[in-house]
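Engineer: no sequence for this one, just the structure:
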């Protein structure tokens, strides 16, 4: 017994209509939920890609006359929307002198688009003993950075005034 072509054609057309037309009748509430989820995911993506407003961290340096390593704390916040200028404050505990060297300065990121940003900066000390520092560094990751700092009491530059720094920071 052969299947009848008319009945088979009608069954196929009915099946195709059910498969392709039923999604069209989705509820408007489901569409609103999809749109809301899509917009929320776009907003989350923008927030993740935005640079952090501030960073806080700790670091180790060989700055200090007798100590092998000195411990420091670091805080910075952005000054402009492009995140090229940052205000920074830091303190370094000098164990041999039982003193804290405090600095307030500006950090400049001239090439922000690089995968690992390079920066330079200038900071002024909180007392006559620690007048200023020039520094340059590289953000190895978002949380780890390395720097070279030149600390000086007098105006001038000497290779004996250059010290290394390695630090860990948390953006927030």
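Structural biologist: That came through fine. From a predicted model like this one, the values you see are computed outputs, not experimental measurements.

Engineer: CA atoms for contacts and neighbours, from now on please.
Structural biologist: OK.

Engineer: Just checking, which helix or strand of this structure averages the lowest pLDDT?
Structural biologist: Ranked by mean pLDDT, DSSP states H and E, the weakest helix or strand in the chain is helix 5-21, scoring a mean of 81.

Engineer: now what about that helix, what contacts it?
Structural biologist: The contact list for helix 5-21 (Cα atoms under 8 Å, 6 or more residues apart in numbering) is empty.

Engineer: go on, stretch 64-79?
Structural biologist: For stretch 64-79, using Cα under 8 Å, 6+ apart, the contacting residues are 53-63, 84-96, 169.

Engineer: That stretch: end-to-end distance?
Structural biologist: 30 Å (Cα to Cα, to the nearest Å).

Engineer: filter the contacts of stretch 64-79 to the buried ones?
Structural biologist: For the contacts of stretch 64-79, a burial check counting by 16 or more other Cα atoms under 10 Å picks out 54-63, 85-95, 169.

Engineer: next structured bit after the longest helix seen in the chain?
Structural biologist: Determined from DSSP state H, the single longest helix within the chain is helix 28-49. Next along the chain after helix 28-49, taking DSSP states H and E as the criterion, comes strand 54-61.

Engineer: mind checking how far the longest helix of the chain is from the chain centre?
Structural biologist: Remark: helix 28-49 is offset 24 Å from the chain centroid, using Cα atoms, centre = their mean, to the nearest Å.

Engineer: got it, and stretch 46-63?
Structural biologist: On Cα atoms, centre = their mean, the centre of stretch 46-63 falls 6 Å from the chain's centre.

Engineer: can you list contacts of that stretch?
Structural biologist: 68-78, 83, 163-172.

Engineer: let's see 7 Å
Structural biologist: 68-78, 163-172 (Cα atoms under 7 Å, 6 or more residues apart in numbering).

Engineer: mean confidence score for it?
Structural biologist: Averaging pLDDT along stretch 46-63 yields 87.

Engineer: Quick check: end-to-end length of that stretch?
Structural biologist: 40 Å.
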